[in-house]
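Q: quick one: sequence plus predicted model below, questions after.
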Amino acid sequence: MPRRHATVASDLGDLLAVAEGDALVGLYFPSHWHPPKTGTTGAEVPGTDDPVFEATRTQLAEYLRGDRTAFTVPTATHGDAFSERVWDHLARIPYGATTTYGAIARELGGPGLAQRVGQAVGRNPVSILIPCHRVVGADGSLTGYAGGLDRKARLLALEEPAEVAATRLF
């Protein structure tokens, strides 16, 4: 199947979903920091007639309701070798857990890679399904998120373990 795109409605706003074959290759928020380049999303198709977009819509809704902790929609990314390593690492961060840019950099070769890690995280083409929202600053603070910090905070709150949420004062 050629590359194609559809709008996927969600509680986080209408998302631009891009698929190629049987895989989701892009999921972008409104006002995304790094949207796909013009002319690279293929033809627009009805999302309800496409199994990749329908699965994406269904699984996102389940996730946002708190009924899903992992996605089974096939994804494919097309980045350089370093970005692919970062995105693979992101995909392995467990639901409800966070890590830092520095921790990822150390695991991928050294603390000097933190800035490159941050760039790759920011250019993650498949938001939410490849959970870049689980990467926080070294002090635990919310740092940049291509979909906006309010969405990042919402996603992290959704995944927060109940025992941690119970101890919060706010």
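A: Noted; the coordinates are in hand.

Q: what's the separation between the residue minimising distance to the centre of the chain and His34?
A: Centroid-nearest residue in the chain: Ser127, 2.2 Å away (criterion: C-alpha atoms, centre = their mean). Ser127 is 10 Å from His34, where distance means C-beta to C-beta, to the nearest Å. For every residue, glycine as well, the C-beta is placed using N, CA and C.

Q: show me where the protein has strands.
A: 4-8, 15-20, 23-28, 43-44, 99-100, 135-136 (DSSP state E).

Q: quick check: mean pLDDT across the third one?
A: Along strand 23-28, the predicted confidence averages to a pLDDT of 97.

Q: do the same with stretch 67-74
A: What stretch 67-74 shows for mean pLDDT is 96.

Q: could I get the pLDDT score of Arg168?
A: 59.

Q: what does the lengthiest helix in the chain rub up against?
A: Once the chain is assigned using DSSP state H, the helix that runs over the most residues is helix 51-65. Helix 51-65 is contacted by residues 6, 8-12, 15, 17, 19, 22-24, 27, 45, 47-48, 68-69, 71-74, 128-129, 158 when judged by C-beta atoms under 8 Å, 6 or more residues apart in numbering.

Q: okay, buried residues for stretch 12-19 please.
A: 12, 15-19 (16 or more other C-beta atoms under 10 Å).
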